[in-house]
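> When you get a sec, could you give me coordinates for this:
(one chain, ligands or ions: 1)
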Amino acid sequence: MSHALVVGGTGMMGGVSCWLVGQGMTVSVVARRPHLPCVINPLAVDYRHTDTLQTAMKGAIAEQGAIDRAVCWIHGSAPDAPDAVAAVLDQQAIPVQYVHVLGSAGADPDNWQDGETAAFSQYENLSYQRVVLGFVAMGNGSRWLTHREISDGVIGAIQSRDAVTIVGQIRPWAMRP
Ligand SMILES: NC(=O)c1ccc[n+]([C@@H]2O[C@H](COP(=O)([O-])OP(=O)(O)OC[C@H]3O[C@@H](n4cnc5c(N)ncnc54)[C@H](OP(=O)(O)O)[C@@H]3O)[C@@H](O)[C@H]2O)c1
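Now for the predicted structure:
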């Protein structure tokens, strides 16, 4: 059975984790309290502790098999975690779809960081995709995305395999909520 990893996979990403379960995948979910209304393999770790995170991933791989898809929603409080996850996945020496979900701070078109994509190119077994979470314009105002819109957008990126997916819109950036 195919094995997926979702880091930060509860909350707004819960829909993605449960969708992957529905696709017939074994799904390991990293969160400090990994509870969801679907059957997952919980990895209850704090991703700010890189060694603990990597040890939990290696344990999940040993128990559930190689991870061939990873979705990472990781706060800026853990700047080393996206790379730490990528390193463990790359060591498996199989092709892995790596979907990196980035929040609105990374969405500012004037502050676009293509260097991030370049940094992941060192991992030859990873197919790196970026999902940028934007906002929704409404009349003269705007709002942030709902959990459903976020999960549906990430699921769309998993299916399309597009290198970059914008959920909602990021332009004009000044119109964000
Ligand atoms: N552009 C947009 O519209 C946009 C973008 C981003 C966020 N948002 C909104 O902002 C709300 C808050 O976002 P959020 O990301 O704070 O909450 P969230 O939706 O709960 O997602 C955070 C995820 O990361 C996990 N997590 C957080 N810190 C962790 C840590 N140190 N170690 C391991 N796992 C950790 C959380 O589980 P645990 O807490 O159990 O660890 C959870 O699974 C969202 O619900 C969404 O509505 C909107």
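
> What separation do you get for the most centrally placed residue in the chain and the ligand?
Of all residues in the chain, the one closest to the mean position by Cα atoms, centre = their mean is Cys72, 2.4 Å from it. Separation of Cys72 from the ligand (Cβ to the nearest ligand atom, to the nearest Å): 10 Å. Where C-beta positions appear, they are placed from N, C-alpha and C, glycine not excepted.

> For the closest residue to the ligand within the chain, give me its contacts.
Ranked by Cβ to the nearest ligand atom, the top residue of the chain for proximity to the ligand is Gly11, at 2.2 Å. By Cβ atoms under 8 Å, 6 or more residues apart in numbering, the residues touching Gly11 are 31, 147.

> now it: how far from Gln129?
According to Cβ to Cβ, to the nearest Å, Gly11 and Gln129 sit 21 Å apart.

> so Ala163 touches Gln129, yeah?
Yes. Using Cβ atoms under 8 Å, Ala163 is in contact with Gln129, at 5.9 Å.

> Quick check on the two: which one has the bigger neighbour count.
Using other Cβ atoms under 10 Å, the more surrounded residue of Ala163 and Gln129 is Gln129, with 22 against 11.

> Mind telling me what element Ile158 is part of?
Ile158 belongs to helix 147-160 when assigned by DSSP states H and E.

> Convert that helix to CSV, retaining C-alpha atoms only.
Only the C-alpha atoms of helix 147-160 are listed here, as CSV (Å, rounded to 0.1, in the frame of the first residue of the first chain):
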residue,chain,number,x,y,z
HIS,A,147,-10.3,25.2,5.4
ARG,A,148,-12.3,23.6,2.6
GLU,A,149,-10.7,25.9,0.0
ILE,A,150,-7.2,25.3,1.3
SER,A,151,-7.7,21.5,1.4
ASP,A,152,-9.3,21.4,-2.0
GLY,A,153,-6.5,23.6,-3.5
VAL,A,154,-3.8,21.3,-2.0
ILE,A,155,-5.6,18.2,-3.3
GLY,A,156,-5.8,19.8,-6.8
ALA,A,157,-2.0,20.4,-6.6
ILE,A,158,-1.4,16.8,-5.6
GLN,A,159,-3.4,15.6,-8.6
SER,A,160,-2.1,18.1,-11.2
